[in-house]
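Trainee: okay, sequence plus prediction incoming.
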Amino acid sequence: MEILFENIGEQKFRAEQMFNFLHKNHGTKIQDITVFSKKLKDKLESMAEINEMKIYKRFDSKIDSTKKYLFLLEDNNIIEGVLMEYTHGLTACISTQVGCRMGCSFCASTKEGLIRNLSQAEMVNQIYTIEEDLNCNINNIVLMGSGEPLDNYENLIKFLKIIHHEKGKNLSYRSITLSTCGVVPKIYLLADEGIPINLSISLHSPFDHIREKIMPIGKKYLVEDIIKACKYYYNKTGRRITMEYTVIDGINNREEDLKELIKILKDLNCHINLIPLNPIKEYDKKRPSISNIEEFQYKLNNSGINTTIRREMGSDVNASCGQLRRRYTNDGDKIIQ
């Protein structure tokens, strides 16, 4: 940003003023920058504009405090975000892409494929838009809305550095979690960035032949490759890995699944998060009974692997990834339900 101001004959300190306006004040109009002269504001307006995000719809859960957002982008695409309230504060789950190309069978985000990557500004704006809407302070961020974060790597890294910047939101890296389906080369790259965020892997099966049916990326990166990458990430960052495991009745909750999970994860500092399947019409498998999931959890915990069952939040507003957005599509310039 300093280069931008130098190129138009302004002092470097103007860049800091602009940064504060964007990331402290959540400003969206160049003409509202009170510390700039009208001449400078007009000059900036002739060169660029501030990316603005609009709330298309907000859905408030009636069973808990979850709020689901549909954000309207400037090109008329729609993305989604979720705000969840926990005892430790407010957590926002945000999108990194419009759509997704990973093709995971039970995920609604991927059914229309990848439309485009989000810019770092569009990722940041999801956070600021929620904070402005509710007059709140978001304490934690989870990158697991629409899209595969590591498939938008360059913009992801820029976003992480901006949201962590001491003169911006100044959010600790420990308060940020990235959920990935296992893009192995990018896990190694992320480990070497010196950005110790929490890493969450969508595992869903310990067996390659089952996982690749659930998640096509399993054909490219084996479970063994993912575990090796996770060990590298832990050794570089010291951050415990979370294994997300959507429990699908008769597919990945059998005794052999349990034994193989224990075998492959016994030497990894990790935590397993069991997720009862949220059925969508394109994937007709069923979730197991709660007693079955609790038994699965008990046996994993008993083996020495810390395991929890994800608390379902906002189920009445389709709060799982991609489910709400799938009810809305773009038809040219007209958004239809």
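Mentor: Structure's in. What do you need? Numbers count the residues shown, from 1 in each chain.
Trainee: make it CA atoms for all contacts and neighbour counts henceforth
Mentor: OK.
Trainee: remind me what the host helix or strand of K236 packs against, helices and strands.
Mentor: Assigned by DSSP states H and E, K236 belongs to helix 223-237. Applying 3 or more C-alpha pairs under 8 Å, 6 or more residues apart in numbering; DSSP states H and E, we find helix 223-237 packed against helix 184-191.
Trainee: tell me the mean pLDDT over the helix it packs on?
Mentor: For helix 184-191, mean pLDDT rounds to 98.
Trainee: so what touches that helix?
Mentor: 150, 153, 221, 225-226, 229-230, 232-233, 236-237 (C-alpha atoms under 8 Å, 6 or more residues apart in numbering).
Trainee: repeat that for 7 Å
Mentor: Residues from elsewhere that reach helix 184-191 (C-alpha atoms under 7 Å, 6 or more residues apart in numbering): 150, 221, 225-226, 229, 233, 236-237.
Trainee: closest one of those to M47?
Mentor: Using C-alpha to C-alpha, L150 comes nearest to M47 of the contacts of helix 184-191, at 30.9 Å.
Trainee: rewinding a little: and the buried ones among the contacts of helix 184-191, selectable in ChimeraX?
Mentor: A single ChimeraX command selects the buried members of these (16 or more other C-alpha atoms under 10 Å):
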select :150,221,226,229,233,236,237
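Trainee: quick one: low-confidence ranges for the stretch 51-200 of the chain?
Mentor: By pLDDT under 70, the stretch 51-200 of the chain has no low-scoring segment.
Trainee: low-confidence ranges, the stretch 201-337 of the chain, go.
Mentor: 279-283, 318-337.
Trainee: burial count for I290?
Mentor: Residues lying near I290 (other C-alpha atoms under 10 Å) number 11.
Trainee: now the strands for the chain?
Mentor: Under the criterion DSSP state E, the chain contains strands at 54-60, 67-72, 78-86, 89-94, 97-99, 114-117, 140-143, 176-180, 198-202, 241-247, 270-276, 307-309, 329-331, 334-336.
Trainee: ok, which of those strands comes nearest K299?
Mentor: Going by C-alpha to C-alpha, the one of these nearest K299 is strand 307-309, 9.2 Å.
Trainee: alright, calling it a day.
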